[in-house]
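Peer 1: Compute the structure for the input listed below.
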Amino acid sequence: MIMISDGDPSPANPFTLARYKSNGIKISTVAVGAHGPAESSRLQSIATSTGGKYYQVNSPKALPRIFQIEARRVARPLVKEDSRGIPLVVEDSAHEMLVGLSPPPPVTGFVLTERKENPLVEVLISAKDVDPKNNTILATWRYGAGKAVVLTTDTGHKWANAWSRSEEYDKFISQMIRYAMRPVSEEGKFNVATDVKDGRVRVVVTALDKNDEFLNFLNMSGAGTGPEMSTIEMPFRQDAPGRYVAEFPADKAGSYLLAINTGQTNAAPLLAGISVPYSAEFRERETNRALITTLASTKPAGGQAGKIIEGPPLVKGAVDRLVAQADTFRRTLVKAMSSRDFWPVFLLIAACIFLIDVFIRRVTVHFYWVMPALAYAYNRVRGRQPESAPDERLARLRNRKAAIASQIDERRAATRFEPVVDQAVAPRDYEQVLSDASAGGADPSSAPRPTSQPQSQTPKSDEETYTERLLKAKKQAKGQ
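Peer 2: Numbers count the residues shown, from 1 in each chain. This is a model prediction of the structure:
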């Protein structure tokens with residue numbers, strides 16, 4: 001673009017100049033009779049900021065010459081030719097299209113192309129001593145599920161005659177075409193279908209054999225590459241005769257390249273691909289004025305309709321000023337009100353009160369644990385070891401022992417007797433004596449009273465036990 005001014009040019013919009021520069025548009029300016037350096041500096045700044053060239057002339061006769069110079073700069077030749085030959089450089093000799101081939105001979109011409117800035121672009125052969133941006137001879141690019149091959153020279157009619165005379169010419173052309181073709185499996189027929197739904201890609205493969213019968217129980221697997229060159233694993237499952245399904249998340253927009261291994265011996269992988277579009281909101285490039293007008297014309301209850309704020313587009317700060325001037329938050333609107341049932345809250349409160357009432361009536365709550373808990377906390381704070389509680393079982397055992405000893409003493413006092421021996425008493429039955437002795441002694445009414453006590457009989461000691469007295473009574477009965 002050429003801008004010519006005879007002085008007093010209006011200041012250029014910096015935002016517009018930035019757009020020109022981002023789109024690769026260069027502006028060359030010509031100042032004819034500029035009124036001093038102040039005016040010419042504006043044109044010079046425009047040319048400098050966009051990458052153009054500034055011309056300052058004193059006579060309009062120089063304008064045709066300037067236009068010729070700019071036309072030569074713009075009209076670059078699209079074909080590079082050299083009758084002496086242009087040597088070629090092999091960038092990747094291990095590629096599928098160049099395997100087993102020797103370095104190609106020079107060519108006399110090719111079409112200038114610009115290399116695409118994409119990691120999927122592979123340049124295999126380039127021209128030597130040519131601008132690296134335009135020296136591509138053979139390149140390939142994977143796009144979606146397909147592959148594109150670019151050969152910027154011809155096949156031997158004009159520029160690549162040396163190739164056609166080479167013995168490897170047919171092999172090179174065959175490998176190039178075979179690489180660009182879709183792989184064919186002679187063992188069966190496979191149909192690949194892809195679908196995108198709810199952020200996931202679904203891949204369906206239908207497998208048939210030569211006789212159009214379903215191929216079942218194939219160990220099918222797959223892998224893919226995402227837009228950011230990340231690896232994707234695709235485990236397949238068979239959900240119908242000859243039908244295999246795999247799914248994987250696709251949360252990023254872009255192209256996904258898929259390679260499916262059918263599980264057959266010596267079978268080429270199935271190549272497929274799918275492009276996940278951007279969100280639907282990005283498809284609307286133009287302003288939907290009908291929708292905006294409909295929304296703005298909606299009149300709320302008790303209020304006024306909205307208003308469309310319009311202004312110059314793509315001007316820095318203009319939209320902010322318009323929004324600041326407009327009444328975007330109107331205070332005149334009626335406050336929104338809504339009703340809500342309150343009975344669920346009352347029902348919840350009544351249920352809680354009922355449970356508390358049942359708890360109070362049926363559960364006895366004591367506070368015996370408060371003092372031990374306070375003592376335990378006090379000991380923990382003071383760092384004391386809690387005193388061991390006395391063993392209540394030992395105390396109960398001692399009390400029981402004392403009670404039993406008291407009972408035994410009472411029985412001893414109640415069962416003491418002094419046996420009296422009478423020579424004149426008739427002999428008694430042995431069993432009767434034992435029964436009387438076990439019952440606590442003979443009946444005093446039935447036993448004869450002795451008239452006198454023998455001198456040899458000594459009084460019994462209080463320390464004699466009941467068993468000793470029983471044995472003595474037994475011996476006396478046997479003696480009678």
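Peer 1: following the one helix or strand in the chain whose mean pLDDT sits lowest, which helix or strand shows up next?
Peer 2: Least confident element among the helices and strands of the chain, by mean pLDDT, DSSP states H and E: strand 2-5 (a mean of 50). Downstream of strand 2-5, the first helix or strand assigned by DSSP states H and E is helix 14-22.
Peer 1: Go through that next one and flag the buried ones.
Peer 2: For helix 14-22, a neighbour-count test (16 or more other C-beta atoms under 10 Å) marks 17, 20 as buried. Heads up, the C-betas are built off the backbone N, CA and C, glycines and all.
Peer 1: Can you list the strands that the next helix or strand after that helix pairs with?
Peer 2: Scanning forward in sequence from helix 14-22 by DSSP H and E, the next helix or strand is strand 28-32. Here strand 28-32 is paired, per DSSP bridges, with strand 2-5 (parallel), strand 54-57 (parallel).
Peer 1: Could you tell me the average pLDDT over the last one, please?
Peer 2: Confidence over strand 54-57, taken as the mean pLDDT, stands at 81.
Peer 1: mind exporting that strand as PDB, just the C-alpha atoms?
Peer 2: Only the C-alpha atoms of strand 54-57 are listed here, as PDB (Å, rounded to 0.1, in the frame of the first residue of the first chain):
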ATOM      1  CA  TYR A  54       9.300   6.400   3.300                       C
ATOM      2  CA  TYR A  55       9.900   8.600   0.200                       C
ATOM      3  CA  GLN A  56      10.300  12.400   0.300                       C
ATOM      4  CA  VAL A  57      10.300  14.100  -3.100                       C
END
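Peer 1: Would you confirm that residue 219 belongs to a helix?
Peer 2: No. In this structure, residue 219 is coil, not part of a helix, as judged by DSSP: H, G, I helix; E, B strand; the rest coil.
Peer 1: which ones are touching the residue nearest to it when sequence neighbours are not counted?
Peer 2: Nearest non-adjacent residue to residue 219, counting by C-beta to C-beta, 6 or more residues apart in numbering: residue 263, 3.8 Å away. The contact partners of residue 263, by C-beta atoms under 8 Å, 6 or more residues apart in numbering, come to 218, 219, 220, 221.
Peer 1: rerun that using 7 Å as the cut-off
Peer 2: By C-beta atoms under 7 Å, 6 or more residues apart in numbering, the contact list for residue 263 reads 218, 219, 220.
Peer 1: could you pull out the helices for the stretch 151-300 of the chain?
Peer 2: For the stretch 151-300 of the chain, the helices defined by DSSP state H, counting those that start in this stretch cover 161-164, 169-180, 289-297.
Peer 1: Save the ones you listed as TSV, and put in mean neighbour count and distance to residue 152 too.
Peer 2: Shown next, in TSV, are the helices of the stretch 151-300 of the chain (neighbours: other C-beta atoms under 10 Å; distance: least, C-beta to C-beta, whole Å):
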stretch	mean neighbour count	distance to residue 152
helix 161-164	15	13
helix 169-180	14	13
helix 289-297	11	46
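Peer 1: quick one: residue 232 and residue 226 touch, right?
Peer 2: Yes. Between residue 232 and residue 226 there is a contact under C-beta atoms under 7 Å: 5.8 Å.
Peer 1: For the residue nearest to residue 219, give its distance to residue 205.
Peer 2: 11 Å (C-beta to C-beta, to the nearest Å).
Peer 1: Overlap in contacts, these two.
Peer 2: Common neighbours of residue 263 and residue 205, counting by C-beta under 7 Å, 6+ apart, are residue 220.
Peer 1: which residues sit in contact with the nearest residue to residue 308 once chain neighbours are set aside?
Peer 2: Excluding the flanking residues, the one nearest residue 308 by C-beta to C-beta, 6+ apart is residue 296, at 5.0 Å. Residues counted as contacts of residue 296 (C-beta under 7 Å, 6+ apart) are 305, 306, 307, 308.
Peer 1: Then residue 89?
Peer 2: With contacts defined as C-beta under 7 Å, 6+ apart, residue 89 is in contact with 126, 128.
Peer 1: I'd like the secondary structure assignment at it, please.
Peer 2: With three-state DSSP as the basis, residue 89 sits in strand.
Peer 1: So which residues of the stretch 1-150 of the chain form helices?
Peer 2: Under DSSP H, counting those that start in this stretch, the stretch 1-150 of the chain gives helices at 14-22, 37-50, 63-74.
Peer 1: Of these, which is nearest residue 478?
Peer 2: Among the helices of the stretch 1-150 of the chain, helix 14-22 comes nearest to residue 478, with 141.4 Å by C-beta to C-beta.
Peer 1: My reading is that residue 357 lies in a strand. Confirm?
Peer 2: No. If the criterion is three-state DSSP, then residue 357 is helix and not within a strand.
Peer 1: how much space between it and residue 350?
Peer 2: On the measure of C-beta to C-beta, residue 357 and residue 350 end up 10 Å apart.
Peer 1: And residue 397, by the same measure?
Peer 2: According to C-beta to C-beta, residue 397 and residue 350 sit 56 Å apart.
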